[in-house]
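Asker: build me a model:
(2 chains)
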2 protein chains.
Amino acid sequence: MDKHSYTIAEVAKMLKVSPSTVSRAINNAPGVSDSVREKILNFVDEIGYRPNTIAQSLSRGKSNMVALILGDIRNPFYADLAFGIQKNLDTHGYIVTTFNSEYDYRKEIEFIQFAKQYHYCGIILVTVNSKEADKYINKLELPILLVNRITEHYNGSFVVTDNFQAGYIAARHLINLGHKKISFMSGHHKSSTASYQRFLGYRQALKNYCLSYNEQYCLFDLNWKMETGYEAAKKIFSLSPSPDFPSAFLLSNDLLALGFMDYCEEHGIRIPDDVSLVSFDNIVYSGLHRIQLTTVSQHVEKISSEASKVMIDLLEEPSKEPRKIIIEPTLIERNTTRAYKNAES
Amino acid sequence: MDKHSYTIAEVAKMLKVSPSTVSRAINNAPGVSDSVREKILNFVDEIGYRPNTIAQSLSRGKSNMVALILGDIRNPFYADLAFGIQKNLDTHGYIVTTFNSEYDYRKEIEFIQFAKQYHYCGIILVTVNSKEADKYINKLELPILLVNRITEHYNGSFVVTDNFQAGYIAARHLINLGHKKISFMSGHHKSSTASYQRFLGYRQALKNYCLSYNEQYCLFDLNWKMETGYEAAKKIFSLSPSPDFPSAFLLSNDLLALGFMDYCEEHGIRIPDDVSLVSFDNIVYSGLHRIQLTTVSQHVEKISSEASKVMIDLLEEPSKEPRKIIIEPTLIERNTTRAYKNAES
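Answerer: Below you'll find the model as predicted:
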């Protein structure tokens, strides 16, 4: 088999048909009889013809590639998101390629520039929310969709969870169980509107139920990793005993919570007997019978499917108004929370 | 700022230098004085000049994009692998994009073709091992590296775990604990040389220690998911009681094992008191104190770093002989295995 790469014109010449007939046959377009179409497809199969897609992209000025830029694919929430988006867009003929920014805005911008240079047709971005990205993405001449987080001045389409509500229902659940001292272990507020909104929801719940907020037992600017949750627990449980010590903790995501639980498990701190935990994401491992983490689901399949739909709209009906989709979170009650034992203390 | 995309020639004209000087400055090549380089870089920064990389790729016939094709990014083993490879190749100026074949050889081949069409400079492939891929990849005019699995007639570079040894040491660990009836819960043998080699290692260990192999209690062709492990346990534990019932199980990967454990936990089957479990991968969740799964580590960081090194060699020194790297697995003993209680039965 010849390894030479043929042009449509060459294929047409060999078959003694017009180039547009070849093109229509290959692209499954109307205007070619079934027998001619079959003959052409068999022939191009035989000679190993591949359309020079990259050249086509250039001439059209766009391709069918969508860039998905996110923080860290090792977080199961993002692995699920990436898998779902890739699967959905694949059925519409788009190829999704995933980039890990590692929560570094410089990398994020580098990837956006890359997508532009390589004529990607669109970008789905879980931004780390920098001033730089905020400035950059509003001027981008490329369909863009923000997922899970938005930047300050962004005015395009987005799909996010109602993170304020997520923080609120998580805190209210603990309050309803009689907890009065509830601490928040938070991700980077600056880089994550998700984490900051959850924190604001928590603060609002404390306020509405006349409970005080004690910053001393809150940790901020944690990254989103399991080992960071472990270290956070270590830090909190090494503080001197005090009547103000929290009986319940909210953690910004499930990975932090799994690390936090792991420290507790190792050091004989019983969950939920000694402390209650609630977190956010509902990754698959949180539902294992040995884990049973109470968490707020962001409905990752729904985010994936909405994000895919909006992206396809952006690509195929660019004149439509920006879409702003907010998804309702749901509390998944499991075994890391229990009623506060000593309500009078 | 002008959104027009400049050519090197235009930049050169504006700065009154030669195009090759601009090119050398941008590509950090020698032959330009520091002051001129700085002047050029500042200027291109200012006008927002981006080299038209896609056109450069076309003219050179290659890009700096590496395709990583794997089964399912939701398996933490692959998320770790993808993250590691992306990080390593990034420091060498390559962009890695990940594709999920969902263990479907047709998708796998589609992605390989895509990578070819889009002038990717190389492919790292965790193949589902089909006849079709076997035929296709040996003829591919593109640097390719197989990771974790190889196909029958493949004669290029690869990085794999010694999976036979992995199966052998896992079985031997159970044998040393006094288990005589050991069952194997296996992935697709046809599509995964990894799973098949582990199975062969297990069979060899049984043979060497004069133990019988009882196919009745083995399950084959499981996919690699947690829910499949759960279903496998359901199936096995619904069999009628028998003196031949296994006291220990080997599971093809950690996700299967987590699902298997989850069924046991839910149905009061105690691990390791009632049955012992060993699996393969050592994903991060297996090490949690509430899980403590005994498993065989494939050293995913080592696979990532070796795969990255070999890929860079393939790209930058294509005349080198194919590299065939086999990584030694290590048993990580945790709490899902214990000595067989009733050695005389």
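
Asker: stretch A:222-241 spans what distance, first to last residue?
Answerer: This stretch, stretch A:222-241, spans 23 Å end to end (Cα to Cα, to the nearest Å).

Asker: may I see the buried residues of it?
Answerer: A:Leu222, A:Asn223, A:Trp224, A:Lys225, A:Met226, A:Thr228, A:Gly229, A:Tyr230, A:Glu231, A:Ala232, A:Ala233, A:Ile236 (16 or more other Cβ atoms under 10 Å in any protein chain shown). The C-beta positions use only the backbone N, C-alpha and C, and glycine is treated the same way.

Asker: out of those, the closest to A:Leu142 would be?
Answerer: Relative to A:Leu142, the closest of the buried residues of stretch A:222-241 is A:Trp224; by Cβ to Cβ it sits at 27.1 Å.

Asker: test my guess that the closest one contacts A:Ser191.
Answerer: No - using Cβ atoms under 8 Å, A:Trp224 makes no contact with A:Ser191, being 10.2 Å away.

Asker: the helices in the stretch 201-345 of chain A, which residues?
Answerer: A:226-237, A:254-266, A:300-316 (DSSP state H, counting those that start in this stretch).

Asker: the last one packs against which elements?
Answerer: Using 3 or more Cβ pairs under 8 Å, 6 or more residues apart in numbering or on different chains; DSSP states H and E, the elements in contact with helix A:300-316 are helix A:76-90, strand A:122-125, strand A:144-147, strand A:157-161, strand A:324-327.

Asker: let me know which of the helices of the stretch 201-345 of chain A is tucked in deepest.
Answerer: Across those, the average number of neighbours (mean count of other Cβ atoms under 10 Å in any protein chain shown) peaks for helix A:254-266, which reaches a mean of 25.

Asker: by contact count, what packs against that one?
Answerer: Counting contacts by 3+ Cβ pairs under 8 Å, 6+ apart, helix A:254-266 packs against helix A:76-90, strand A:182-187, helix A:226-237, strand A:248-251, strand A:276-281.

Asker: where does the stretch 201-345 of chain A dip in pLDDT?
Answerer: The model of the stretch 201-345 of chain A has pLDDT under 70 over residues A:342-345.

Asker: show me what from it comes close to chain B.
Answerer: Residues of the stretch 201-345 of chain A lying close to chain B by Cβ under 8 Å from any Cβ of the partner chain are A:Met226, A:Leu258, A:Met261, A:Asp262, A:Glu265, A:Glu266, A:Val284, A:Tyr285, A:Leu288, A:His289, A:Arg290, A:Ile291.

Asker: these two touch, right, the third one and B:Tyr285?
Answerer: The reference is to A:Met261. No - counting by Cβ under 8 Å, A:Met261 stays clear of B:Tyr285, with 11.7 Å between them.

Asker: can I get the helices and strands packed on helix A:300-316 in TSV including mean neighbour count?
Answerer: Below are the helices and strands packed on helix A:300-316 laid out as TSV (neighbours: other Cβ atoms under 10 Å in any protein chain shown):
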stretch	mean neighbour count
helix A:76-90	22
strand A:122-125	26
strand A:144-147	25
strand A:157-161	24
strand A:324-327	16
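
Asker: ok, A:Phe280 to B:Tyr285 distance?
Answerer: Shown here: A:Phe280 relative to B:Tyr285, a distance of 18 Å by Cβ to Cβ, to the nearest Å.

Asker: residues contacting A:Ala232?
Answerer: A:Met185, A:Leu219, A:Leu222, A:Leu251, A:Leu256, A:Gly259, A:Phe260 (Cβ atoms under 8 Å, 6 or more residues apart in numbering or on different chains).

Asker: sorry, that was for A:Ile271
Answerer: A:Met261, A:Cys264, A:Glu265, A:Leu277, A:Thr336.

Asker: give the contact list for the third one.
Answerer: Just to be clear, that refers to A:Glu265. Neighbours of A:Glu265 in contact, by Cβ under 8 Å, 6+ apart: A:Ile271, B:Leu288, B:His289, B:Arg290.

Asker: dump the residue contacts of the closest residue to A:Leu200 other than its chain neighbours.
Answerer: Once flanking residues are discounted, A:Leu200 sits nearest to A:Phe164: 5.6 Å by Cβ to Cβ, 6 or more residues apart in numbering or on different chains. By Cβ under 8 Å, 6+ apart, the contact set of A:Phe164 is A:Gln197, A:Arg198, A:Leu200, A:Gly201, A:Gln204.
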